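S.K.: Please find the sequence and the predicted model below.
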Amino acid sequence: MAARYHTGPPLPALRQSRRLPAISMKIVFPYIAQTHQIPHSLPIAAELAMQRPDWDIRLVCSSDAQERVVRRLVALYPQATLPVQRFRPNAFISWLQKRLGAGIPEKSLTLIRNRRLFAEVDAVVVPERTSLILRKLFLPKLNIIWTDHGSGDRAVTYSADIATFDYLLVSGSKKAARMGALGMLNPGRYFVGCYPKFDLVSRLDARREKLFANDRPTVLYNPHFEPGLSSWPRDGFAVLDFFAQQSDWNLIFAPHIRLFDRHQPEVLAKLEKYGAIKHLRIDTGSDASIDMTYTQAADVYLGDVSSQVAEFMVRPRPCLFINSHGAAWQGNPDYLFWELGPVIDGVDALGSALAGAVANHGQWSERQRDYFRDTFDAEPDAIGRSAAAGAAAIAAFLESRA
């Protein structure tokens, strides 16, 4: 993926072009949140390790689930030297995690507890915003670099505190334009055209297995986790019942991983009855729900506000959106992705709506391609090198500040 433009030190790194002595950097890629964020920065770590083999680059996890995913993805980059370690354990943080029924240790406390680690490095590269708390820990030499972990259109994607990162990797020109208009981009402090998760696709595609023992078309139902925006609370089980009772489609139910981040025994018990239906696949948070296994396998996308629809556009295909929360979405920049297919207000006529989305896909296909280009600064079906460009941009930025 080639970026249309970037702002920052010229590539390759300034220090190399000036023939100054090599600078060795210490960089940590910390993982403190749910596992779906890992693919949004780990490919950059791998590329950076290959571009700067003399630099100390480490991946640090706070949970067993994170470490398992990290080690699995690191194995896709055999030429990269990437040590994997854990944050210092803390009895209170572990107790609080169990008390809250949370899937991960408390993020802010984990960062504060490990201040010594961050005091010893030159930069952290993170896909989330919680790590900005490190600003309050008096770490004057620490550069905090942001990769983001999705490319949706909702307002939360443009939180004002993003402007306080030292350096930003932005997925595409659409997002950069909106961030620029909001005053979130500082000259020389950002790079446009980096969506590292796509770099994993070709490496993983060769290993993926067929999901269903039939040749029916497959629908991916991917509801968001926020109750006020998601189709799940009002319409979720009605969607599952519809697919359970028909014989034309396969269904993958793979919601945003945070929908079931906290233990919900009653809901999970209700889902069990669908597990025996061979044309349904229920996934409440496995690795396959975060590594594009399902967005690659499906023929139709069914959802609400999850940014995974942008990833689905890597191959333009029919989409159908459920407006369960009565959003006035037309002309709203937070709902640009609802221009990629029909929008329905309920699921009473879900069968005909799906058939219509497929039959009339031609009227949305060009809009889908335009959306993908604007979102990722790349053509659909032509992705896979943006992590290398993002890594080079980070290296140049850090060397320019050394």
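M.R.: Perfect, thanks for sending it. Residues are numbered from 1 along each chain as shown.

S.K.: ok now do residue 283, which residues does it touch?
M.R.: Listed by CB atoms under 8 Å, 6 or more residues apart in numbering, the contact partners of residue 283 are 252-254, 289, 294. (Glycine included, C-beta is placed from N, CA and C.)

S.K.: Any of these buried? List them.
M.R.: Buried members of the contacts of residue 283, scored by 16 or more other CB atoms under 10 Å, are 252-254, 289, 294.

S.K.: where's the dip in pLDDT among the residues you listed?
M.R.: Least confident entry in the buried ones among the contacts of residue 283, by pLDDT: residue 289, with 92.

S.K.: Now flag whichever of the buried ones among the contacts of residue 283 is closest to residue 29.
M.R.: Of all those, residue 289 has the smallest distance to residue 29: 21.5 Å, by CB to CB.

S.K.: ok, now how distant is the nearest residue to that closest one once chain neighbours are set aside from residue 79?
M.R.: Once flanking residues are discounted, residue 289 sits nearest to residue 254: 4.5 Å by CB to CB, 6 or more residues apart in numbering. Remark: distance between residue 254 and residue 79 (CB to CB, to the nearest Å) = 31 Å.

S.K.: so of the contacts of residue 283, which ones are in strands?
M.R.: 252-253 (DSSP state E).

S.K.: Residue 32: which of the contacts of residue 283 is nearest?
M.R.: Closest approach to residue 32 among those (CB to CB): residue 289, at 19.4 Å.

S.K.: rewinding a little: can you redo the contacts of residue 283 as CSV with distance to residue 138?
M.R.: CSV is the format used below for the contacts of residue 283 (distance: CB to CB, whole Å):
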residue, distance to residue 138
252, 47
253, 46
254, 42
289, 39
294, 43
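
S.K.: so where is the stretch 1-150 of the chain shaky, pLDDT-wise?
M.R.: For the stretch 1-150 of the chain, applying pLDDT under 70 flags the ranges 1-22, 97, 99-102.

S.K.: need the strands for it, in chain order.
M.R.: 6-7, 26-31, 56-61, 84-86, 123-126, 143-146 (DSSP state E, counting those that start in this stretch).

S.K.: chain center to the second one, what's the gap?
M.R.: The one in question is strand 26-31. Once both centres are worked out by CA atoms, centre = their mean, to the nearest Å, strand 26-31 turns out to sit 18 Å from its chain's centre.

S.K.: quick one: strands adjacent to that strand?
M.R.: Sheet pairing for strand 26-31, assigned by DSSP bridges, gives strand 56-61 (parallel), strand 123-126 (parallel).

S.K.: closest to residue 40 out of those strands?
M.R.: Minimum separation from residue 40 across those (CB to CB) falls at strand 123-126, 9.6 Å.

S.K.: For that closest one, which outside residues touch it?
M.R.: Outside strand 123-126, the residues that touch it by CB under 8 Å, 6+ apart are 25-30, 41, 44-45, 118, 131, 134, 142-147, 166, 394, 398.

S.K.: Could you break the chain into its assigned domains?
M.R.: The chain breaks down by automatic domain parsing into domains covering 6-195+383-401, 209-376.

S.K.: coming back round to it: for residue 387, find the nearest of the strands paired with strand 26-31.
M.R.: Closest approach to residue 387 among those (CB to CB): strand 123-126, 11.4 Å.

S.K.: Can you show me the CA trace of that closest one as CSV?
M.R.: Extracted as CSV, the C-alpha positions of strand 123-126 are listed here (Å, rounded to 0.1, in the frame of the first residue of the first chain):
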residue,chain,number,x,y,z
ALA,A,123,9.2,5.3,22.5
VAL,A,124,6.0,3.4,22.9
VAL,A,125,3.8,2.5,19.9
VAL,A,126,0.2,2.0,20.9
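
S.K.: so residue 41 touches residue 148, yeah?
M.R.: No - taking contacts as CB atoms under 8 Å, residue 41 lies outside contact range of residue 148: 9.1 Å.

S.K.: list the residues that contact both of these two?
M.R.: With CB under 8 Å, 6+ apart, residue 41 and residue 148 have common neighbours residue 127.

S.K.: Looking at the two now, which is surrounded by more residues?
M.R.: Using other CB atoms under 10 Å as the criterion, residue 41 and residue 148 rank with residue 41 on top: 27 against 24.

S.K.: so how many other residues sit close to residue 23?
M.R.: Residue 23: 17 surrounding residues under other CB under 10 Å.

S.K.: And for it, nearest residue in space, chain neighbours not counted?
M.R.: Closest residue in space to residue 23, ignoring its immediate chain neighbours: residue 402 at 4.5 Å, by CB to CB, 6+ apart.

S.K.: Compute the number of surrounding residues for the one you found.
M.R.: For residue 402, the neighbour count with other CB under 10 Å is 13.

S.K.: Repeat that for residue 206.
M.R.: Each residue near residue 206 was counted by other CB under 10 Å, and the total is 6.

S.K.: Same question for residue 222.
M.R.: Neighbours of residue 222 (other CB under 10 Å): 27.

S.K.: what's near enough to touch it?
M.R.: 254-256, 294, 301-303, 306, 308-309.

S.K.: The residues you listed in helices, which ones?
M.R.: Secondary structure from DSSP state H places 294, 308-309 of these in helices.

S.K.: Pull up the distance across stretch 90-107, start to finish.
M.R.: 12 Å (CA to CA, to the nearest Å).

S.K.: contact partners of that stretch?
M.R.: Residues outside stretch 90-107 that contact it (CB under 8 Å, 6+ apart): 32-34, 62-63, 65-66, 87, 109-110, 113, 128, 130, 261-263.
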